[in-house]
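Enquirer: Let's see this in three dimensions:
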Amino acid sequence: MSHTTNRSRRAALAVAVGALLIAGTAACNPTTGSSVSTDAKPTTASSGAKSTSGGGQSSASKAAKVGDTIALKGMDTSADITVVKIVDNPAGADDYTTPDAGKRFVAVQFRIKVTGGKAYSDSPSNGAKLVDSQGQSYDADIASDTKAGTSFPAIENLALGATGLGFITFQVPTGAKITQIQFGLDSGMADQTGQWSVN
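Expert: Model prediction:
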């Protein structure tokens with residue numbers, strides 16, 4: 001019983017944080033145009049290249065895939081986001097956690113490293129999406145955990161330079177082929193969204 005209550009509380013808290021960030025964004029951050037970055041951050045320490053915010057790719061960049069890092073900017077902070085791995089159809093964390101009829105779980109492990117601005121305090125699941133081969137997008141299932149690994153807490157608090165690691169769970173139709181993973185700071189309300197290809 002307490003497990004279900006904890007999941008419900010976590011889900012409610014994540015939704016509340018997202019609503020507050022949306023309200024704050026509308027009040028304080030005029031729309032400057034959204035962009036999707038698919039540029040993987042170079043892995044060489046000597047390179048100072050940054051991902052482009054207009055969607056174009058520089059000569060040193062490559063399209064991000066699972067395992068790659070994308071440098072993202074939010075309203076007042078920036079972070080390097082890595083899609084560490086994707087686990088397709090993991091079992092629920094316990095006997096009571098199962099996907100809805102006709103659906104399966106997909107769990108994605110993200111690493112968040114705060115690189116500038118101020119500390120990160122957000123619900124990572126609010127900013128994550130999956131996209132299938134038909135172009136249909138799916139929001140996180142914030143009430144479910146799986147045996148893929150430890151999920152992010154409802155609110156992740158990271159100091160400048162700190163790193164957080166956790167899974168975000170999604171429910172998708174059984175036959176859906178996931179082709180893209182997306183993530184944005186500020187509960188997905190930041191102008192810039194990172195996008196990774198899934199092979």
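
Enquirer: Please spell out which residues along the longest strand along the chain are buried.
Expert: Longest strand of the chain, by residue count under DSSP state E: strand 103-117. For strand 103-117, a neighbour-count test (16 or more other C-beta atoms under 10 Å) marks Lys103, Arg104, Phe105, Val106, Ala107, Val108, Gln109, Phe110, Ile112, Lys113, Val114 as buried. No exception for glycine: its C-beta is placed from N, CA and C like everyone else's.

Enquirer: quick one: the fourth one and Val84, what's the gap?
Expert: To tie it back to what came earlier, the one meant is Val106. 14 Å (C-beta to C-beta, to the nearest Å).

Enquirer: next one: the second one
Expert: Arg104 sits 20 Å away from Val84 when distances are taken as C-beta to C-beta.

Enquirer: One more: the first one?
Expert: Computed with C-beta to C-beta, the distance linking Lys103 and Val84 is 23 Å.

Enquirer: With the last one instead?
Expert: When C-beta to C-beta is applied, the distance between Val114 and Val84 equals 17 Å.

Enquirer: can you give me the strands in the protein?
Expert: 35-37, 39-40, 62-63, 69-73, 77-88, 103-117, 120-122, 128-132, 137-139, 156-158, 163-173, 178-184, 192-197.

Enquirer: And those strands: which comes nearest Thr150?
Expert: Smallest distance to Thr150 across these (C-beta to C-beta): 6.0 Å, for strand 163-173.

Enquirer: what separates that closest one from the chain centre, distance-wise?
Expert: Relative to the mean C-alpha coordinate of its chain, strand 163-173 is positioned 7 Å out (C-alpha atoms, centre = their mean, to the nearest Å).

Enquirer: Select the helix or strand of this protein having the lowest average pLDDT value.
Expert: Ranked by mean pLDDT, DSSP states H and E, the weakest helix or strand in the chain is helix 2-28, scoring a mean of 44.

Enquirer: can you redo the buried residues of strand 103-117 as CSV with pLDDT?
Expert: Shown next, in CSV, are these (pLDDT from 0 to 100):
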residue, pLDDT
Lys103, 98
Arg104, 98
Phe105, 98
Val106, 98
Ala107, 98
Val108, 98
Gln109, 98
Phe110, 98
Ile112, 98
Lys113, 98
Val114, 98
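
Enquirer: can you put those residues in TSV and add distance to Pro124?
Expert: Shown next, in TSV, are the buried residues of strand 103-117 (distance: C-beta to C-beta, whole Å):
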residue	distance to Pro124
Lys103	22
Arg104	21
Phe105	17
Val106	16
Ala107	13
Val108	10
Gln109	11
Phe110	6
Ile112	7
Lys113	13
Val114	12
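
Enquirer: from those, which is closest to Ala148?
Expert: Ala107 (3.7 Å).
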